[in-house]
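**Student:** kindly generate the corresponding structure for this input.
(one chain, ligands or ions: 1)
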Amino acid sequence: MKVIIVEDYEQMSKQAGEIVLDVVKKNPNAVLGFATGTSPIGLYDYLVKANKNGEVSFANVKTVNLDEYAGISATNENSYAYFMKKYLFDRIDIDNKNTNLPNGMAKDRQGECDRYNALLDEMKQDIQVLGIGSNGHIGFNEPGTSFNSTTHIVDLTESTIKDNSRLFEDVSQVPLQAFSMGIKNIMNAKQIVLVASGKNKAQAVKGLIKGEITEELPASILQLHPPPHFCLFWYSSYSKRKEHNLI
Ligand code: GLP
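**Tutor:** Next comes the predicted model:
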């Protein structure tokens, strides 16, 4: 694993963005795995800039997203489908029919997981962008999720509901369940780039880089992902990082 500790959020976004752009430049038909959350927003801005200045085209790429809340529609501002359109898809030359997320409104939830797994079997990610939850979750794979899991329905933990409530009007509006790619689907990606920023991610990042590989910290499995695999991390000053034994 290549760990890159950067000076600020902008650096993290630029360097992670370069890694993604490189994949698209080499293969304009690449399958890109995307994530939501505040961490990759700067990375998406960087891709938008490169698209607008003609450096790269996304016209032929295909995308798969990690997860989606269950029970909310793509037009709901809190859905991940809405997030992706707002921060990326509506701002680049991508063909919307090439973008894929689990359908949060699917009535047959198990059927929707099966559909998404079949899609992922067909479309292996050339690169998967990841964020990380403060409890070490990736996608919505909460602590305790099997490393062998494929797309499944998740009961969100209290800590994730609390963390994610900042984007909702009220904590009671955060859905209790979500669809998530499983760990196995994530590990199938040919390349992974994880972006993490802020103090509340320090412990999770430490576990990811140096901790025991355990289902209790889902991100720790990434230590076994064959290179190239990058973790870009920004957190405060050198002394703070030292204090947390991160460097
Ligand atoms: C959600 C998403 C994750 C994301 C995490 C962290 O739970 N399902 O994919 O990594 O939030 O989000 P943020 O980057 O906003 O801290």
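
**Student:** show me where the chain has strands.
**Tutor:** Applying DSSP state E to the chain gives strands spanning 2-5, 31-34, 62-65, 67-69, 99-100, 127-130, 152-155, 177-180, 192-197, 229-234.

**Student:** of all those, which one is nearest the ligand?
**Tutor:** strand 67-69 (4.9 Å; C-beta to the nearest ligand atom). For glycine as for every other residue, the C-beta is placed from the backbone atoms N, C-alpha and C.

**Student:** list the buried residues for the closest one?
**Tutor:** Buried residues in strand 67-69, counted by 16 or more other C-beta atoms under 10 Å: 67, 68, 69.

**Student:** re the thing from before, JSON lines please, covering the strands of the chain and showing distance to the ligand and mean pLDDT.
**Tutor:** Compiled in JSON lines, the strands of the chain are given as follows (distance: least, C-beta to the nearest ligand atom, whole Å; pLDDT from 0 to 100):
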{"stretch": "strand 2-5", "distance to the ligand": "17", "mean pLDDT": "86"}
{"stretch": "strand 31-34", "distance to the ligand": "10", "mean pLDDT": "98"}
{"stretch": "strand 62-65", "distance to the ligand": "9", "mean pLDDT": "98"}
{"stretch": "strand 67-69", "distance to the ligand": "5", "mean pLDDT": "98"}
{"stretch": "strand 99-100", "distance to the ligand": "16", "mean pLDDT": "98"}
{"stretch": "strand 127-130", "distance to the ligand": "7", "mean pLDDT": "97"}
{"stretch": "strand 152-155", "distance to the ligand": "9", "mean pLDDT": "96"}
{"stretch": "strand 177-180", "distance to the ligand": "7", "mean pLDDT": "97"}
{"stretch": "strand 192-197", "distance to the ligand": "8", "mean pLDDT": "94"}
{"stretch": "strand 229-234", "distance to the ligand": "12", "mean pLDDT": "79"}
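
**Student:** figure out which of those strands is closest to residue 24.
**Tutor:** strand 31-34 (7.3 Å; C-beta to C-beta).

**Student:** hmm, who's touching the closest one?
**Tutor:** Outside strand 31-34, the residues that touch it by C-beta atoms under 8 Å, 6 or more residues apart in numbering are 20, 23-24, 40, 61-66, 84, 88, 123-129, 186, 189.

**Student:** that strand: how far from the chain's middle?
**Tutor:** Centre-to-centre, strand 31-34 and its host chain are 9 Å apart (C-alpha atoms, centre = their mean, to the nearest Å).

**Student:** would you mind checking the contacts of strand 31-34 for buried ones?
**Tutor:** When these are checked for burial by 16+ other C-beta under 10 Å, the buried set is 20, 23-24, 40, 61-66, 84, 88, 123, 125-129, 186, 189.

**Student:** tell me the phi and psi of residue 142?
**Tutor:** phi -80, psi 160 (degrees, to the nearest 10).

**Student:** am I right that it is in contact with residue 152?
**Tutor:** No - using C-beta atoms under 8 Å, residue 142 is not in contact with residue 152; the gap is 10.8 Å.

**Student:** mind checking the backbone torsions on residue 198?
**Tutor:** According to degrees, to the nearest 10, residue 198 has phi 100, psi 160.

**Student:** what's the spacing between it and residue 151?
**Tutor:** For residue 198, the distance to residue 151 equals 28 Å [C-beta to C-beta, to the nearest Å].
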